[in-house]
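Q: need coordinates for the following:
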Amino acid sequence: MNAQPLNDDPGAPRGCPVAHGEGLTRLYGPEAASDPFGIYERLRKEYGTVAPVLLEGDVPAWLVLGYRDNRRVLDNPLQFSRDARIWRDWRDGRVEETSPLIPMVGWRPDCVSQDGEPHRRLRGAVTDGLQAAAGRGIRRHVTHFANKQIDAFADVGRADLVTDYAEYLPMLVLTRMFGLPAAEGRQLVESSAQVLKGGEEALAHNERIIQILAELAERKRAEPGPDFTTALLQHHADLDEDEIVSHLRLVLIAAHTTTSNLLARVLQLVLTDTSRLSGLVSGQLNISAVVEEVMWDTPPLAVLPGRFAAADLELGGQPIQEGDLIVLGLTAGNVDPEVRPDATVSMQGNQAHLAFSSGPHECPGQNIGQSIIEIAVDVLLHRLPGLRLAVPPGELTSTASTWESRLDSLPVEFAV
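A: Reported below is the predicted structural model:
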């Protein structure tokens, strides 16, 4: 796909980087699924730190590739709003409510879609609720479910640590934190994955999640408990029904998908480097250092949706117009040669990565996610002696969507 220069045809939709999107690179489809890094680098060479792209449905957007430009967008909500109601292509009817982008980019009554005081009110409820839920035994929950997952394959001598471990463990912990039955976990994992993957089924799976969580909120009003759902219901910010369900959805999808993806990548790094593996087993290496490396090189969200230009402005040398959609290339920004000339050099000890976003919308649950990963890795290494990769590292593959790149499988062997 050959990118073209910006089109100044007065008949083109205002703010559309190229008339009708002709010639723009798509961040979805077969090429994006197999070689997202190649796309990022090609766009960087063609456009610099900000590039016009197409999202699913050929919806135009700006992809931020530069580290400093990502920081500028994330740290300046007055210029780059989270309120999708100012998104011009949606407001003017060029993006329909049935678009698979809506579950990821569209406006909802949650803190991610707000700025200023409304954001502070809602985020405060989420932060307080997460702290209360985590304080009631997050380590115990992770240890319990990690051992339960391992029990299913411990006597076999082999496993796929993606499908047998990383894919479901975070959701099992979240079901306990939310006050959901553990049996709901598998269905919610599938639906959360489909929302991020996009496609025709994204909206149906989003509705399934909302229905499950709405029923949960109704139960918890009648039968409160020591869980995140009850904490939101009882918070002094007095969230209404839609706000409660929207925040349950937000935390569930964001926490599960990012934590499961990050756990798989941490295990991949550990198992493809014997020195790291032996260092963790012997206690000479701290797992948090490995997590930090992964957050620089393969952050759990490759592209973060979305910001909307609050006025005409310039970003990375590109003329951004009011109402334009901007998506943040976290992976591309983390390997920006302007701040990281040699991407092979370890960034251990440097926490300035973009993996958790930054600014007022920085991830409020990052400590919980890191705790889940650190405990999950520790339990796994102590339960499975002689743990090793069952295939050459070069045979490990990933599949990407617009928003993330997920490890397909991680086959291992161990002593029984």
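
Q: check contacts around the nearest residue to residue 62 once chain neighbours are set aside.
A: Leaving aside its chain neighbours, residue 62 sits nearest to residue 326 (4.8 Å; criterion: C-beta to C-beta, 6 or more residues apart in numbering). For the C-beta atoms, the positions are set from N, CA and C on the backbone; glycine is no exception. Applying C-beta atoms under 8 Å, 6 or more residues apart in numbering to residue 326 gives the contacts 61-62, 64, 73, 80, 306-309, 315, 320.

Q: what's the end-to-end length of stretch 173-183?
A: The first and last residues of stretch 173-183 sit 12 Å apart, counting by C-alpha to C-alpha, to the nearest Å.

Q: burial measure for residue 57, as a count.
A: Applying other C-beta atoms under 10 Å, we find 16 residues neighbouring residue 57.

Q: which residues touch it?
A: Counting by C-beta under 8 Å, 6+ apart, residue 57 touches 95, 99-101.

Q: from those residues, which is closest to residue 185?
A: Nearest to residue 185 among the contacts of residue 57 is residue 100, at 23.7 Å by C-beta to C-beta.

Q: distance of the closest one from residue 311?
A: Here the criterion is C-beta to C-beta, to the nearest Å. By it, residue 100 lies 29 Å from residue 311.

Q: cool, and residue 352?
A: Looking at residue 352 against residue 311, where the rule is C-beta to C-beta, the gap reads 28 Å.

Q: next: residue 96.
A: Taking C-beta to C-beta as the measure, residue 96 falls 26 Å from residue 311.

Q: can you give me the helices in the stretch 151-300 of the chain?
A: 169-178, 185-197, 202-222, 228-234, 241-271, 274-282, 287-297 (DSSP state H, counting those that start in this stretch).

Q: nearest to residue 121, of these?
A: Nearest of these (C-beta to C-beta): helix 241-271, 9.6 Å.

Q: in JSON lines, list the helices of the stretch 151-300 of the chain along with mean pLDDT, mean neighbour count and distance to residue 29.
A: Output for those, formatted as JSON lines (pLDDT from 0 to 100; neighbours: other C-beta atoms under 10 Å; distance: least, C-beta to C-beta, whole Å):
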{"stretch": "helix 169-178", "mean pLDDT": "94", "mean neighbour count": "26", "distance to residue 29": "28"}
{"stretch": "helix 185-197", "mean pLDDT": "89", "mean neighbour count": "20", "distance to residue 29": "12"}
{"stretch": "helix 202-222", "mean pLDDT": "95", "mean neighbour count": "17", "distance to residue 29": "15"}
{"stretch": "helix 228-234", "mean pLDDT": "97", "mean neighbour count": "23", "distance to residue 29": "37"}
{"stretch": "helix 241-271", "mean pLDDT": "95", "mean neighbour count": "23", "distance to residue 29": "20"}
{"stretch": "helix 274-282", "mean pLDDT": "84", "mean neighbour count": "14", "distance to residue 29": "35"}
{"stretch": "helix 287-297", "mean pLDDT": "91", "mean neighbour count": "20", "distance to residue 29": "24"}
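
Q: returning to what we had before: ok, of the contacts of residue 326, which one's closest to residue 338?
A: Of these, the one sitting nearest to residue 338 (C-beta to C-beta) turns out to be residue 64, at 13.1 Å.

Q: remind me what the lowest-mean-pLDDT helix or strand in the chain packs against, helices and strands.
A: Lowest by mean pLDDT, DSSP states H and E among the helices and strands of the chain is helix 274-282, with a mean of 84. On a contact count with 3 or more C-beta pairs under 8 Å, 6 or more residues apart in numbering; DSSP states H and E, helix 274-282 meets helix 241-271, helix 287-297, helix 366-383.

Q: now do it against helix 287-297, angle only.
A: Helix 274-282 runs at 150 degrees relative to helix 287-297, counting by axes from the mean of the first three to the mean of the last three C-alpha atoms, to 10 degrees.

Q: can you redo the contacts of residue 57 as JSON lines with distance to residue 403 and neighbour count?
A: Output for the contacts of residue 57, formatted as JSON lines (distance: C-beta to C-beta, whole Å; neighbours: other C-beta atoms under 10 Å):
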{"residue": "95", "distance to residue 403": "17", "neighbour count": "22"}
{"residue": "99", "distance to residue 403": "14", "neighbour count": "21"}
{"residue": "100", "distance to residue 403": "11", "neighbour count": "22"}
{"residue": "101", "distance to residue 403": "10", "neighbour count": "25"}
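
Q: farthest-separated two in these?
A: Using C-beta to C-beta, the contacts of residue 57 span at most 10.4 Å, a distance reached by 95 and 100.

Q: export the helices of the stretch 151-300 of the chain to TSV and tack on distance to residue 87?
A: Output for the helices of the stretch 151-300 of the chain, formatted as TSV (distance: least, C-beta to C-beta, whole Å):
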stretch	distance to residue 87
helix 169-178	29
helix 185-197	19
helix 202-222	18
helix 228-234	27
helix 241-271	18
helix 274-282	43
helix 287-297	29
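
Q: pLDDT weak spots in the chain?
A: Along the chain, the parts satisfying pLDDT under 70 run over 1-22.

Q: residue closest to the middle of it?
A: What sits nearest the mean C-alpha location of the chain, by C-alpha atoms, centre = their mean, is residue 301, with 3.7 Å.

Q: give the contact list for that one.
A: 257-258, 261, 330, 355, 403-404.

Q: on the three-state scheme, it is what?
A: Three-state assignment for residue 301 (DSSP: H, G, I helix; E, B strand; the rest coil): coil.

Q: quick check: phi and psi on it?
A: phi -110, psi 120 (degrees, to the nearest 10).

Q: okay, it and residue 332: tell me how far apart.
A: According to C-beta to C-beta, residue 301 stands 12 Å off from residue 332.

Q: just residue 338 next, same as before
A: 12 Å.

Q: comparing these two, which shows the higher neighbour count?
A: Comparing residue 338 with residue 332 by other C-beta under 10 Å, the one with more neighbours is residue 332, at 26 against 11.

Q: isn't the more buried one right next to residue 39, touching?
A: No: the criterion here is C-beta atoms under 8 Å, and residue 332 misses it with residue 39 at 9.1 Å.

Q: all the strands of the stretch 1-150 of the chain, residue numbers only.
A: 25-26, 50-55, 59-64, 80-81 (DSSP state E, counting those that start in this stretch).

Q: what pairs with the third one, parallel or antiparallel?
A: Read that as strand 59-64. Here strand 59-64 is paired, per DSSP bridges, with strand 50-55 (antiparallel), strand 325-329 (parallel).
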